[in-house]
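Q: Below is the structure, and that's it, no one-letter string:
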């Protein structure tokens with residue numbers, strides 16, 4: 001006669017396990033993992049992996065708990081400049097400001113770029129500050145002083161371009177004269193050949 005189904009909420013009778021599956025221990029988990037690795041090796045899952053046969057990078061480096069984040073930023077070539085505080089970004093921008101201004105083609109654009117920088121400096125100064133200490137600030141730039149340098153650079157560039165254009169014009173004029181001289185020499189040789197040919201025929205009868 002079949003036994004009635006046991007109520008799952010009731011404890012199992014003595015000697016009857018609740019779960020027929022074996023208990024998962026650390027030793028058994030290690031064995032299962034080792035078996036899975038061996039199966040993957042036989043299947044070729046680890047063949048031709050990047051870095052195969054090469055030493056591990058950073059194996060001899062001192063312990064760094066943030067190594068994974070640094071490595072990810074390095075591999076992705078992430079730009080962290082936007083993560084800096086505004087005042088630090090402005091200071092970094094100011095260091096290369098003159099070089100940037102000198103690349104602008106017109107004085108109007110150079111002035112607008114400098115005015116925009118000063119406006120962002122003033123905007124940063126107006127931000128609320130927590131704590132009694134004075135926050136670091138970036139000094140404003142003297143726009144007219146920067147523009148004097150821009151004009152000097154623009155004048156040097158204009159003189160260099162004018163000199164290059166004059167040299168190019170001189171070379172073109174010299175080449176034109178040389179071509180004209182060659183054409184005249186060819187015409188002269190042509191007339192000389194006609195004259196010599198006529199003289200060989202003798203006087204007309």
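A: Here it is on my side, so go on. Predicted model only: the values in this text are computed from it and were never measured. Numbering: from 1, shown residues only.

Q: packing partners for the helix ranked longest in the chain?
A: Assignment by DSSP state H gives helix 143-201 as the longest helix of the chain. If you count contacts as 3 or more Cβ pairs under 8 Å, 6 or more residues apart in numbering; DSSP states H and E, helix 143-201 packs onto helix 97-102, helix 107-125. Every residue, glycine included, has its C-beta placed from N, CA and C.

Q: so which of these gets nearest residue 163?
A: helix 97-102 (19.7 Å; Cβ to Cβ).

Q: What residues of that closest one count as buried?
A: 97, 101 (16 or more other Cβ atoms under 10 Å).

Q: Over it, what's the mean pLDDT, rounded is fine.
A: Helix 97-102 shows a mean pLDDT of 95 in the predicted model.

Q: burial measure for residue 153, as a count.
A: 15 (other Cβ atoms under 10 Å).

Q: what's the answer for residue 138, then?
A: 21.

Q: now the helices and strands packed on helix 143-201 as CSV including distance to residue 27?
A: CSV is the format used below for these (distance: least, Cβ to Cβ, whole Å):
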stretch, distance to residue 27
helix 97-102, 65
helix 107-125, 61
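
Q: Those helices: which one's closest to residue 34?
A: helix 107-125 (58.6 Å).

Q: Please name whichever of the helices and strands packed on helix 143-201 is nearest to residue 48.
A: Of those, nearest to residue 48 by Cβ to Cβ is helix 97-102, at 46.7 Å.

Q: what's next to the closest one, contact-wise?
A: By Cβ atoms under 8 Å, 6 or more residues apart in numbering, the surrounding residues in contact with helix 97-102 are 110, 113, 114, 117, 141, 146, 149, 150, 153.

Q: Any of the residues you listed buried? List them.
A: 110, 113, 114, 117, 141, 146, 150.

Q: Could you check the pLDDT of the last one?
A: By that I understand residue 150. 96.
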